[in-house]
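S.K.: Structure, please.
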Amino acid sequence: MSPTILIVDDEKHTREGIRRALEDDFDVYVADGLPGAMSLLETEKVDLLLTDLRLGAGEDGMTLIDRALKMPVPPVCIMMTAYGSVDTAVEAMKRGAYDFVTKPINLDKLEILIRRALRSREMETENTALKEQVQKNYGLENIIGHSAVMESIFATIRQVAPTRATVAISGDSGTGKELVARALHNLSNRAKAKFIAVNCAALSPQLLESELFGHEKGSFTGASERRMGRFEQADGGTLFLDEIAEIDAGTQVKILRVLSERTFERVGGNQSIATDVRLVSATNKDLRLLVAEGDFREDLYYRLNVVPIHLPPLRERREDIPLLVASFLKQSAQENEKPYREFTSEAAGRLMEYPWPGNVRELRAAIDHGVVLATGPKITLRDLPSIIRHWHPDDTSGKTGGASSSSQLRGVATSIPGTLNLEATERLMITQALEQSNGNRTQAAKKLGISRRTLHRKLKEWNLGKPADEA
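M.R.: Next up, the predicted model:
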C-alpha cells in the first residue's frame, strides 16, 4: 500500500503541480485551506502532511501542523514557505515539523525529502513496535531461568501483569522477589508510572505509617511540614511492600482500607485522599501461619493474596545455575573491569553442588568474589568464598538438602560443560529446547524467545545438525 500524502495550498497551480509530480508513487489528497485539510486528516489515514505557511483567509499552516501533530496517529509534517518566512518555518520544526522547503519548489528535491521523512516515520514506528514487543517479551529479562518451575512463574507473571489484581510473592531471602514485583509493573499498563518499593521491616510502626500514608504538619514530634506518603506518590503505578509480615496491627487496618475503598488519610489528617495503586507484597514468612497465630489479619491476607507467586530456593532449580552463572560472570567482569574468565571443572562442579542457602543473591556474591580475586586464566575453587570452598557434600548443616542427594547433584554437574561460559550455556539451552520440541525449530525458537533465523544460525555455527522441521 502506497504512503498517503496530503498537500495543502491555497494556490491551485502549486498544489496540483505537486500532486501530479507525486501521484505515480503516492496516494495524494489535496486541500485549499484549513477546514478541508482537517476534514481529510480526520477521515483518512495520512502519512505525510505538506502544507504552505500562508493559506489565505487568515489561515496559516502553523495552526494546521499544530492540530495535525495532536492527532492520535500524527502525520509527518513538512512546511512550504517563501524565502522571507524561513524563520517561521524553523519555528514550525521546533514545534514538531520534520522539515521545510522554500518556494519555488524543486520537485526532485521535494520527493527526496518526502521519502526521507516517510522512512524516518517508518523507522520510528518500527522502533516503537520493537520497544513494545521487547517490553512484552522481555519485561522478565532480569529474572533468569529456564527450569519448568520458572517457566510456570513467567507464565503467571505475563498473565497477571496487565490486571489490577494484588499479588503476594513468597520465598526465601535472595530468591528475587523484588525482581518479580518489578516485572509485574514493567509488563503492566502502569509501566510508565512509578514503581515504589518499601521495606516494611526497616521502619518502626510510627515511621512506617508516615512513610506509607504521609503526615500533616505537627501531627507528631518532628513533623515540621506536610509529607506525601508512598501510596500518594505511587498513584497510577505500583507500590511494592517487602517484608509485609512485619507491619503492625494498626497499619494493617489502614492498608486494608486502601485496598477496599482506595482512599486513606494522612497521619494527623482527616481529608480522604483517593489513590489508584497496584499493590504487590512480599514475605519470606508463612502468612497463613501468622494468621492462625493471630499476628496477621485474615481479611488483609485474602486481599493481598489474590494471586500468590512462590519463588523456589535455588537448590530446587539447579538446572538454572549454569544460565545464572553465565549472566553473572559477564556482568561482574564488566562492572569490576576484570577480564572475562571461565570456571574450572572443579569450581563449576562445586557451584552446582553447593546448597546456596542465600539463594541467587549468594550466587551473585560468589561470582563477584571469584571474578575479583582470580589471577589465573580461569576461576578456580580457591577463588571462591571460603564457605563454598570448604563445603562438603556430606555437610548437612543448614538447608543443604542432605548427603542423600549428593550423588544426584554430581550427576547434574557432569551434565553441563566442564567450564561454565555463555556459549556452553546457550548450546545447552538450545539443545534442551529442541529436545522438548521434538526437533521442531519454530517451536524451539519460540520457547527460547529468539527468532527462527537466530536459532538456525546457532545450529549452523555449532554444527549441531539439520533440525527435524523446515517449517
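S.K.: Below-threshold pLDDT in the stretch 1-150 of the chain: ranges please.
M.R.: Within the stretch 1-150 of the chain, the ranges that satisfy pLDDT under 70 run 83-85, 126-139, 141.
S.K.: And the helices in it?
M.R.: Remark: helices assigned in the stretch 1-150 of the chain by DSSP state H, counting those that start in this stretch are 12-22, 34-43, 61-69, 86-94, 107-138, 148-160.
S.K.: just the angle between the third one and helix 86-94, please?
M.R.: Note on geometry: by axes from the mean of the first three to the mean of the last three C-alpha atoms, to 10 degrees, helix 61-69 and helix 86-94 are set 10 degrees apart in direction.
S.K.: Can you name the residues in contact with helix 61-69?
M.R.: Residues from elsewhere that reach helix 61-69 (C-beta atoms under 8 Å, 6 or more residues apart in numbering): 8, 34, 37-38, 41, 46, 49, 51-55, 74-75, 77, 79-81, 88, 91-92, 95-97. All C-beta spots, glycine's among them, are computed from the backbone N, C-alpha and C.
S.K.: What are the boundaries of the helices in the stretch 351-471 of the chain?
M.R.: For the stretch 351-471 of the chain, helices defined by DSSP H, counting those that start in this stretch occupy the ranges 359-373, 386-389, 406-414, 422-436, 441-448, 452-462.
S.K.: Which among those is found nearest to residue 318?
M.R.: Residue 318 lies closest, by C-beta to C-beta, to one member of the helices of the stretch 351-471 of the chain: helix 406-414, at 5.6 Å.
S.K.: quick revisit: export the helices of the stretch 351-471 of the chain to TSV and tack on mean pLDDT, distance to residue 221 and mean neighbour count?
M.R.: As requested, the helices of the stretch 351-471 of the chain are exported to TSV (pLDDT from 0 to 100; distance: least, C-beta to C-beta, whole Å; neighbours: other C-beta atoms under 10 Å):
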stretch	mean pLDDT	distance to residue 221	mean neighbour count
helix 359-373	95	37	20
helix 386-389	94	45	14
helix 406-414	36	56	14
helix 422-436	70	56	17
helix 441-448	77	58	19
helix 452-462	75	62	14
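S.K.: Let's have the ones you listed in a markdown table, adding distance to residue 60.
M.R.: Formatted as a markdown table, the helices of the stretch 351-471 of the chain follow (distance: least, C-beta to C-beta, whole Å):
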| stretch | distance to residue 60 |
| --- | --- |
| helix 359-373 | 60 |
| helix 386-389 | 73 |
| helix 406-414 | 73 |
| helix 422-436 | 58 |
| helix 441-448 | 52 |
| helix 452-462 | 50 |
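S.K.: Of those helices, which is nearest residue 272?
M.R.: Residue 272 sits nearest to helix 359-373 of all the helices of the stretch 351-471 of the chain, at 40.2 Å, using C-beta to C-beta.
S.K.: helices or strands next to that closest one in the packing?
M.R.: For helix 359-373, the elements it packs on are helix 321-335, helix 345-353, judged by 3 or more C-beta pairs under 8 Å, 6 or more residues apart in numbering; DSSP states H and E.
S.K.: Pick the most deeply packed of the ones you listed.
M.R.: Per residue and on average, the most neighbours among these fall to helix 345-353, with a mean of 21 (mean count of other C-beta atoms under 10 Å).
S.K.: now the angle from that helix to helix 321-335?
M.R.: Counting by the same axes, to 10 degrees, helix 345-353 lies at 120 degrees to helix 321-335.
S.K.: Quick one: mean pLDDT for helix 345-353?
M.R.: Helix 345-353 comes out with an average pLDDT of 90.
S.K.: Return it as PDB; C-alpha atoms alone will do.
M.R.: This file holds the C-alpha atoms of helix 345-353, laid out as PDB (Å, rounded to 0.1, in the frame of the first residue of the first chain):
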ATOM      1  CA  SER A 345      35.600 -28.000  36.100                       C
ATOM      2  CA  GLU A 346      36.200 -28.400  39.800                       C
ATOM      3  CA  ALA A 347      34.800 -24.900  40.500                       C
ATOM      4  CA  ALA A 348      31.900 -25.500  38.200                       C
ATOM      5  CA  GLY A 349      31.000 -28.700  40.000                       C
ATOM      6  CA  ARG A 350      31.100 -27.000  43.300                       C
ATOM      7  CA  LEU A 351      28.700 -24.300  42.100                       C
ATOM      8  CA  MET A 352      26.300 -27.000  41.000                       C
ATOM      9  CA  GLU A 353      26.500 -29.000  44.300                       C
END
